[in-house]
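next input, structure requested:
(2 chains)
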Amino acid sequence: MAEDVPIALELAKKQREIGVAEFFARNRHLLGFDNKRKALMTTIKEAVDNSLDACEEGNILPEIGVELIDMGGDRFRVIIEDNGPGIVKKQIPHIFARLLYGSKFFKLSQSRGQQGIGISASVLYSQLTTGKPAKITSRISGKHDAHYYELKIDSQKNKPHIIKEEILEWKKDHGTKVELELEGSYQGGSQSIDQYLKQTAITNPHVTIIYTNPKAEQFIFARATDKLPHKPVEIKPHPYGVELGVLISMLKISESRTLQSFLMNEFSRVGSGTAKDICENAALLPATKPRNINREMAEKLLEGINKTKIIAPPTNCISPIGEELLEKGLRKEINAEFYCAATRPPAVYRGNPFVVEAGIAYGGEQDPEGSVKALRYANRVPLLFQQGACAITKSTINTAWRNYGLSQSKGALPIGPATIVISINSVWVPFTSESKEAIAHYPEIIKELKLALQECGRKLSIFIHKKKRIQMEGAKRSYIETYIPHVAEALKDLVGYNKTDEEKVKTILEQILEHKRGGKLEKIEINNPDYDEELANMGKKEEPNEDNKEKIKEGKEKSKKSAKKPEQQTKLK
Amino acid sequence: MKNKVLDGIKEKATNVYKKILKKKAPELDLPLRSLSNVKYNEKDGYFEILGKKKERTLTVGTIKTFAQTLRMMGLSKQLIEQDDIASKREAYYISKNWKEAMFKQQPDSDAVMDDVEAMLMVNREQLGFIPEEKGGEIAGQLVVIDRDPETKKDLRIDCTKFGSGAYSIPISVEHLKFETKAKFILAIETAGMFQRLVKHKYWKKANCILVSMGGVPTRACRRFIRRLADARKLPVYVFTDGDPYGYFNIYRTLKVGSGNAAHINEYFCVPQAKFLGVTPQDIEDYKLPTHPLKDVDIKRAKDAIKNDPFVQHHRQWQKAIKKQVGMKVRAEQQALAKWGLNYVIDKYLPNKLKDSKTWLP
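From the prediction side, this is the model:
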């Protein structure tokens, strides 16, 4: 032990800033890169989400190409190409090779991406696993050049490192193409890329996706409508959602001269009256300069905000899928006897408006013995992982499905031949982690989720009861039909009529009894012209998912075999 | 007679057939077989059936029984036409050929058989069905004249000559003739008491005919006693345990018939029967050892007061049963053994026979 040197000095030699990129390189699971399979999935998801957001912002009907090439040795080349508005030359390196860089974090409007991490994390992962740079091509119009970049991330500085930069001939007028090579593994099943793309296509009927899987089979999810979803409006934050730290920094950078104008300019739903009320409740002068407000005063201001009654944030910033499309999506995917959907009116958590939607497909070809399938969406993006940690799952479990005709044991998803779709749309979807796999458990959100599920449940129970009634009636009738021949035969012995008369007696008895029981029995059957068998079969192959992988490990041999088996699919064109 | 039954079956079936041809739901009318559908015919001394009917209309609830009823009628028709018989159990097994319409257990087939019987207002033997159970036993001063099944010659059966055994009443008794010099018939509930009286030749001492009913008397037993009593103008005395079961299930059924067989009580009653004992009064008078009344006894007693037209007709019975409910005890025939094994022969029966005031009607 060194004697006179304080240990802190020694320690100080090792202390330095942790690069954001370094941090995420180590904690890749936080971003959804826990394993090879998920890494591939997340990469595609982030790229597609970005493309969709960009297209919608540019009022362009999205047409997205997704190509997966198996390079052997667990390496894949992923190529995502869109027809979006493109990215200006200067920004390309930053967007793709810098973590926490983007536009969506700063504005409150409903979009798929939020944090500005996704695609650059994929670039980082690709670089970590294969050492290869990301290849980006982007063009903003026919009048501009198409720029090609090969980029890496300087993980210590979180800065783009440009390997190559050139101007390219490109057939597209505008759009962006991302090419990454990374370690991954391609599997089918409920958490597969196929499943993700399929679910995306279902809830985004304005999108065309051309998907080429590693077996070089091409699938085209053609758009079903030329109508872009209503464009979500960007809103200012609502006072109820603001936190102290954010409030302080907002006060610092504000250009407003007075506290009152600051409140009116920076927040939604605050007019001069409300602003004055807030100031009064906070015991602050409306004329105070925002820059002069210190921490204590900011705290008082926050108290004042919470004491003041402020109307809920505007909801035109939300663009829900809509009952019709939700139901249509279910119809494409599932051949059921009954469909229903419900969209809740907008609600607010922490000052953020959100809308919950739910839909149910019941009966038909679904397994009556198993748990219901729950499909989760957040801002039209399917959530495939961490089902158990998600508020949607929790709310589904906490809904009393027995009241609606499904069986359910305590603390479990209901049992029955049903698929439930739940979607939450918000300017800021509260995920439990950066990998955006599960929704956080805000009481307001859980309440809305339950209300949406209950609304669907009520519709469902009407159908289930009707079905049970018809089934019971059917059973009674078949019971009657069992004994009619006996009556006819016994009468034949007793009265001594011939075979023709026996048949006649049977026919008349059937008529009498049917008439007495209220005429022809209504038939419950699958009537679903929207069903797309090919689509429905995509990614349906049973695969061990993350949640039950542990259990399956015991039977290693088996699971290995099935994991390597290539997906059974039919070609589209 | 046989043709009449056959005609009845055909008529009912034809009605059903006609109704069907008219596109109306067919129905079978069955007399309601319960105490609520009988009245006590005082003049002739039996439970007379009233007009209450249950309609078995063809509906989802009834179609199986409906089919089974018709099948049972068909079976009966076949038996009569072929001059054959089937026991109740055999009928149940025959139903196993009826596929879905088969009976799951014999009580079901018995009930349908009873329905058919009531519907045609005939006895089951007339339909070709015979019961399984024995008809009861006879010992005493009686010669039964039966027919040899092969030679069809008369067969004289002397009921004094069975030693420690007894003569079994056959299932069908209509053809029997009787010779006797006995003064009365004594019908006894339990085989045990019957054995005691036979062993000590009580029938000789008292110059009577002993009948062992073995619980609720079968139809054959009731008909046998009735024909014998009618033919030889003999009084009939009944000796049962001192409890509501003995009074109403055994004695009342023997004397006036039952609700279940309401349609045939006219032939199967023994109006001349008198109740000798054990009466509630006897329990006191003879200081008999007792058991507490069971819940079912009390229910049966209250039921009798409330619903039994026979009890309602006889104040004496009402008094007796109320007395017993008050005493809360019952006594068995064998309880008399407390005073010595032959007390019943030496004291009880002679005393009771002498004093008609101790009887119940």
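
how close does A:Thr288 get to A:Asn403?
54 Å (C-beta to C-beta, to the nearest Å). Quick note: C-beta positions are derived from backbone N, CA and C, even for glycine.

compare these two and say which one has the larger neighbour count.
A:Thr288 (19 against 12; other C-beta atoms under 10 Å in any protein chain shown).

element containing that one, please.
Remark: A:Thr288 resides in no helix or strand, with elements defined by DSSP states H and E.

next up, the contacts around it.
Contact analysis of A:Thr288 by C-beta atoms under 8 Å, 6 or more residues apart in numbering or on different chains lists A:258-259, A:279, A:297.

any stretches of chain B with poor pLDDT?
Applying pLDDT under 70 to chain B flags the ranges B:1-2.

what residues does it have near chain A?
Neighbours of chain A within chain B, by C-beta under 8 Å from any C-beta of the partner chain: B:9-10, B:13-14, B:16-17, B:20-21, B:23-25, B:58-60, B:63-64, B:66-68, B:70-71, B:73-74, B:77-78, B:98-101.

quick revisit: got a winner among the contacts of A:Thr288 for most neighbours?
Of the contacts of A:Thr288, with other C-beta under 10 Å as the count, A:Leu259 tops at 26 neighbours.

neighbouring contacts of the strand or helix carrying B:Leu353?
Remark: B:Leu353 resides in helix B:349-354, with elements defined by DSSP H and E. Contacts to helix B:349-354, defined as C-beta under 8 Å, 6+ apart, come from residues B:184, B:186, B:202, B:206, B:237, B:239, B:276-277, B:282, B:358-359.

helices - which of those residues land there?
Mapping those onto helices (DSSP state H) picks out B:202, B:206, B:282.

and these as CSV, adding neighbour count?
Putting the ones in helices among the contacts of helix B:349-354 into CSV (neighbours: other C-beta atoms under 10 Å in any protein chain shown) gives the following:
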residue, neighbour count
B:Tyr202, 22
B:Ala206, 20
B:Asp282, 20
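
ok, these vs A:Glu323, which is closest?
B:Asp282 (85.1 Å; C-beta to C-beta).

how close does the residue of chain A positioned farthest from its centre sit to B:Lys99?
Most distant from the centre of chain A: A:Gly496, at 72.2 Å, with distances by C-alpha atoms, centre = their mean. Separation of A:Gly496 from B:Lys99 (C-beta to C-beta): 22 Å.

repeat for A:Arg257
Look at A:Arg257 and B:Lys99: by C-beta to C-beta, they are 96 Å apart.

state which one residue of the stretch 151-300 of chain B is found closest to chain A.
B:His263 (20.5 Å; C-beta to the nearest C-beta).

my read is that that residue contacts B:Met121, right?
Yes. Assessed by C-beta atoms under 8 Å, B:His263 is found in contact with B:Met121 at 4.9 Å.

any regions of the stretch 401-550 of chain A where pLDDT drops low?
Within the stretch 401-550 of chain A, the stretches with pLDDT under 70 are A:519-521, A:524, A:538-550.

residue numbers of it in contact with chain B?
A:476-477, A:479-480, A:482-484, A:486-487, A:490-491, A:493-495, A:497, A:504-505, A:508-509, A:511-513, A:516-517.

quick one: contacts for A:Ile318?
Counted by C-beta under 8 Å, 6+ apart, A:Ile318 has contacts A:110, A:232, A:346, A:353-355, A:425-427.

just the ones in helices from those residues, please.
Reading helices off those, I find no matches (DSSP H).

domain assignment for chain B?
Using automatic domain parsing, the domain parsing of chain B gives B:2-130, B:137-358.

just put those domains in JSON lines and tack on distance to A:Glu333.
Shown next, in JSON lines, are the domains of chain B (distance: least, C-beta to C-beta, whole Å):
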{"stretch": "domain B:2-130", "distance to A:Glu333": "39"}
{"stretch": "domain B:137-358", "distance to A:Glu333": "63"}
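
tell me the backbone dihedrals of the closest residue to A:Tyr531 other than its chain neighbours, please.
Sequence neighbours aside, A:Asn335 is the residue nearest to A:Tyr531 in space, at 5.0 Å (criterion: C-beta to C-beta, 6 or more residues apart in numbering or on different chains). Backbone torsions for A:Asn335, taken as degrees, to the nearest 10, come to phi -90, psi 90.

now swap in A:Lys373 and tell me
The phi/psi pair for A:Lys373 (degrees, to the nearest 10) is phi -90, psi 130.

so which helix or strand takes in the residue nearest to it when sequence neighbours are not counted?
Closest residue to A:Lys373 apart from its sequence neighbours, by C-beta to C-beta, 6+ apart: A:Thr419 at 4.4 Å. Following DSSP H and E, one finds A:Thr419 within strand A:418-426.

quick one: name whatever helix or strand follows that strand.
Once strand A:418-426 ends, the next helix or strand along the chain (criterion: DSSP H and E) is helix A:443-495.

show me what whichever helix or strand comes after that next one is packed against.
Per DSSP H and E, helix A:443-495 leads on to helix A:499-516 as the next helix or strand towards the C-terminus. With contacts taken as 3 or more C-beta pairs under 8 Å, 6 or more residues apart in numbering or on different chains; DSSP states H and E, helix A:499-516 sits against helix A:443-495, helix B:2-21.

if we can go back for a sec, helix, strand or coil for the residue of the stretch 151-300 of chain B closest to chain A?
The local conformation at B:His263, judged by DSSP: H, G, I helix; E, B strand; the rest coil, is helix.

let's verify A:Ser51: helix, strand, or coil?
Going by three-state DSSP: A:Ser51 is helix.

now the helices for the stretch 301-450 of chain A?
For the stretch 301-450 of chain A, the helices defined by DSSP state H, counting those that start in this stretch cover A:323-333, A:391-398, A:443-495.

so can I have CSV of the ones you listed showing mean neighbour count and distance to B:Phe268?
CSV is the format used below for the helices of the stretch 301-450 of chain A (neighbours: other C-beta atoms under 10 Å in any protein chain shown; distance: least, C-beta to C-beta, whole Å):
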stretch, mean neighbour count, distance to B:Phe268
helix A:323-333, 21, 71
helix A:391-398, 20, 68
helix A:443-495, 18, 27
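
take the ones you listed and lay them out in a markdown table including distance to B:Tyr247.
What follows is the helices of the stretch 301-450 of chain A, written out as a markdown table (distance: least, C-beta to C-beta, whole Å):
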| stretch | distance to B:Tyr247 |
| --- | --- |
| helix A:323-333 | 73 |
| helix A:391-398 | 64 |
| helix A:443-495 | 42 |
